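S.K.: structure, please.
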Amino acid sequence: MTLRNINIMRTKYFLLLFLLLLGAGCATSQYGSEATAVLEEGEPSIADTTFLYDSRVIALETKDDALIARVNRLIEWKGNLYILDKAGKQVVAFNMDGKHLFTIHRVGMGPEYSAVMDVAIDKRKNQLVLLTEPSALLRFDAEGNFISSRKLPGYYHSIALDGDFIYLENETYANGRLSENSITAIHGEETTGLLEPLIEIAPFCFIAGHQLSASSPVLFTRKFDNTIYKLENQSVSPSYTIDFMNETFPEDAKDKVYDCRDLNKFS
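M.R.: All right, here's what the predicted structure looks like:
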């Protein structure tokens, strides 16, 4: 398996978020005072040197408890690689020479989970934080030893940490109704909802990838919104809007609910 030795925690997320927005469509910004970037039409291409550097091949050790179905997130932290494999319901750790360090797979053992939605690093505590289903935050030390579990009240897709703050991307449409906010910010025992949700015209179509960045400050994008948001402390503010020009999702097409196949016709 080929991996690039890139620092996911510090890479330039603007380009990645821009590409995610490009596939998601857009809407009018809720703010209007932020800087605007205009989409220039041309041959589709990506300057990968913008976010890839110092490439190398790492041959990962192959053993029964280190088999990976798919890499959903790759984090480099203090000389180790942490790989989220959602299909395998696990997080697998290797050193930079490819030697397997440990695997977190708590299916059928307490505290157990049925799925791993995302993983992040708590830099201050040097801990792995797993966002799981049933909805909880599970903490592990740098050697993969379980530390603690915290139940969560809602349903979430992804997680990002910045200092003492935890940000969770809310499930847009859960239990047959629209969520009250797009983001949940956690600071100690205090929980704050951020960013009112848009009208959900594609409730069951989730855009692949991560809408929360692992940068500092944390950046966030969402479906049908042309704004890149900045999350700091327990507040949200716009950083950029993207003018998609002719590729903008038409306003007059937002009068119905789409299934994923219909929605793809606009993308």
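S.K.: list of residues touching the strand or helix carrying Asp118?
M.R.: Using DSSP states H and E, Asp118 maps to strand 115-122. Under the criterion C-beta atoms under 8 Å, 6 or more residues apart in numbering, residues 9, 73, 75, 77, 82, 84, 86, 89-91, 127-133, 139, 156-161, 210, 214 lie in contact with strand 115-122. C-betas here are computed from N, CA, C, even on glycine.
S.K.: SS state for Tyr82?
M.R.: Going by DSSP: H, G, I helix; E, B strand; the rest coil, the secondary structure assigned to Tyr82 is strand.
S.K.: for Glu76, see how far away it is.
M.R.: 8 Å (C-beta to C-beta, to the nearest Å).
S.K.: who's more crowded, the two?
M.R.: The residue with more neighbours, out of Tyr82 and Glu76, is Tyr82; 23 against 19, by other C-beta atoms under 10 Å.
S.K.: contacting residues for that one?
M.R.: By C-beta under 8 Å, 6+ apart, Tyr82 lies in contact with 74-76, 91-93, 119, 121, 128.
S.K.: which residue, other than its chain neighbours, is closest to it?
M.R.: Closest residue to Tyr82 in three dimensions, ignoring its sequence neighbours and counting by C-beta to C-beta, 6 or more residues apart in numbering: Ile75, at 4.5 Å.
S.K.: tell me how many other residues crowd that neighbour.
M.R.: For Ile75, using other C-beta under 10 Å, the count is 19.
S.K.: please apply the same query to the one 5 residues further on.
M.R.: Neighbouring residues of Asn80 were enumerated by other C-beta under 10 Å; the total is 15.
S.K.: my understanding was that it contacts Met96; is that so?
M.R.: Yes - using C-beta atoms under 8 Å as the test, Asn80 is close enough to Met96 to be in contact (7.2 Å).
S.K.: look up phi and psi at the nearest residue to Tyr240 once chain neighbours are set aside.
M.R.: Distances taken as C-beta to C-beta, 6+ apart put Ile228 closest to Tyr240, at 4.6 Å, once the chain neighbours are dropped. For Ile228, the backbone dihedrals (degrees, to the nearest 10) come out as phi -100, psi 120.
S.K.: how close does Ile228 sit to Ala37?
M.R.: To Ala37, Ile228 is 9 Å away according to C-beta to C-beta.
S.K.: higher neighbour count, those two?
M.R.: Between Ile228 and Ala37, Ile228 has the larger neighbour count (other C-beta under 10 Å), namely 24 against 15.
S.K.: verify the contact between that one and Ser237 for me.
M.R.: No - counting by C-beta under 8 Å, Ile228 does not reach Ser237; the two are 10.5 Å apart.
S.K.: what segments of the stretch 151-267 of the chain are helices?
M.R.: Here the stretch 151-267 of the chain has its helices, by DSSP state H, counting those that start in this stretch, at 260-264.
S.K.: my error: substitute the stretch 1-150 of the chain in the last question.
M.R.: Using DSSP H, counting those that start in this stretch, helices in the stretch 1-150 of the chain cover 13-24.
S.K.: can you pull the pLDDT of the residue positioned nearest the centre of the chain?
M.R.: Nearest to the mean C-alpha position of the chain, counting by C-alpha atoms, centre = their mean, stands His210 at 2.7 Å. With respect to pLDDT, His210 has a value of 74.
S.K.: again with Lys86
M.R.: On the pLDDT scale, Lys86 is placed at 95.
S.K.: ok, now the one 10 residues further on?
M.R.: pLDDT for Met96: 95.
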